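Engineer: give me a model of this one.
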Amino acid sequence: MLSYEALIEAIPHALQSVDLPDWGEKQTGKVRDIYVADGKRVLITTDRVSAFDRVVGLIPFKGQVLNQLSAWWFEQMQDVVDNHVIAMPDPNVIIAHEAEMLPVEVIVRGYITGVTSTALWTLYSNGERQPYGISLPDALQKNDALPTPIITPTTKATGGAHDERLTRDEIIERRLVEPALWEQVEQAALEIFARGQQVAYEAGLILVDTKYEFGLVNGKLALTDEVHTPDSSRYWTLDSYGPSKEPRNFDKEFLREWFVAQGYRGDGQSPIIPPDIVAQFAQRYIEAYEKLTKREFVPGEQPAAERIARNLKQNA
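Structural biologist: Numbers count the residues shown, from 1 in each chain. Sure thing, here's the model as predicted:
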């Protein structure tokens, strides 16, 4: 584990966004920059981290944790489904096949929790027993394990709108995904989630729920984006979970909790995260990586755009 002092020192060098020399137009998302060329995608995961659908802070080495953890998970899941990764020439960079992305995000949930308007617990506590077209038993309590993990698919949010709730029947009726392909997606997602839960349990964590994105690479189903990271998944610590206990988050949710504690709810100017809190956030991401992979996190230097570009050309 990197020392607290090393994390404090790294804060001024956190990677925000990269303009690569000799590369064309880029797409910048909340946590990554994407370049497309010659049938490949260059994914540069930055150190930006978001809460309340806004970019609100920088966590040093977060991008490297996400890239290296996703690459590790892709290795573990290779026998379940193909993935889009070609190479990782730099700790901050993944070169991936350009995929025909499916227009549906696959959310797999093992527990009934959450506080947003579309969260499973919110819907259930308001009387819905078939949210997303899935039957749930009576008498569930918040944070209970579900009888079996369930898939609650959504469309991708666009233009600031929240994700649209979908059922399996709606996906087929609207021809968002063909029936046979959707069966492959569901089977792969549930198998990946089960394996993720087992790995998390052995690491002293609970994989609560997660988001998967799938696409077609050369006509074949492939897992894309990032996998089972503290940004894409909800984790609880195993020793904090139990009756009458509020489980301890081990994912980016602790960022949202910090902002709420400062009185911020997503509107107006967000407070600046002080260095000591930033370092604590960074330690969580690194600790999650080390617990899950049983490897020590060894960071690369926080890179200049020119060095990333040079490494990409050498690995083209």
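
Engineer: can you tell me the centre-most residue of the chain?
Structural biologist: Ser232 (1.6 Å; C-alpha atoms, centre = their mean).

Engineer: so what's that one up against?
Structural biologist: Applying C-beta atoms under 8 Å, 6 or more residues apart in numbering to Ser232 gives the contacts Thr210, Lys211, Asp225, Glu226. The C-beta positions use only the backbone N, C-alpha and C, and glycine is treated the same way.

Engineer: would you state the helices of the stretch 201-316 of the chain in chain order?
Structural biologist: 253-261, 275-293, 305-314 (DSSP state H, counting those that start in this stretch).

Engineer: of those, which is nearest Arg165?
Structural biologist: In terms of C-beta to C-beta, the element of the helices of the stretch 201-316 of the chain nearest to Arg165 is helix 253-261, at 20.8 Å.

Engineer: so what touches the closest one?
Structural biologist: With contact meaning C-beta under 8 Å, 6+ apart, helix 253-261 is reached by 49, 51-52, 56-57, 234, 249, 265-266, 270-271, 273, 277, 281, 284.

Engineer: can you pick the most crowded of the residues you listed?
Structural biologist: Val49 (25 neighbours; other C-beta atoms under 10 Å).

Engineer: that residue against Gly63, yeah?
Structural biologist: No - counting by C-beta atoms under 8 Å, Gly63 is not a contact partner of Val49; they are 9.6 Å apart.

Engineer: list the residues that contact both of these two?
Structural biologist: Counting by C-beta under 8 Å, 6+ apart, the residues touching both Val49 and Gly63 are Val31.

Engineer: re the thing from before, between the contacts of Ser232, which sits nearest Val217?
Structural biologist: Distances from Val217 to the contacts of Ser232, taken by C-beta to C-beta, are shortest for Asp225, at 13.0 Å.

Engineer: any idea how far Gln78 is from the closest one?
Structural biologist: 16 Å (C-beta to C-beta, to the nearest Å).
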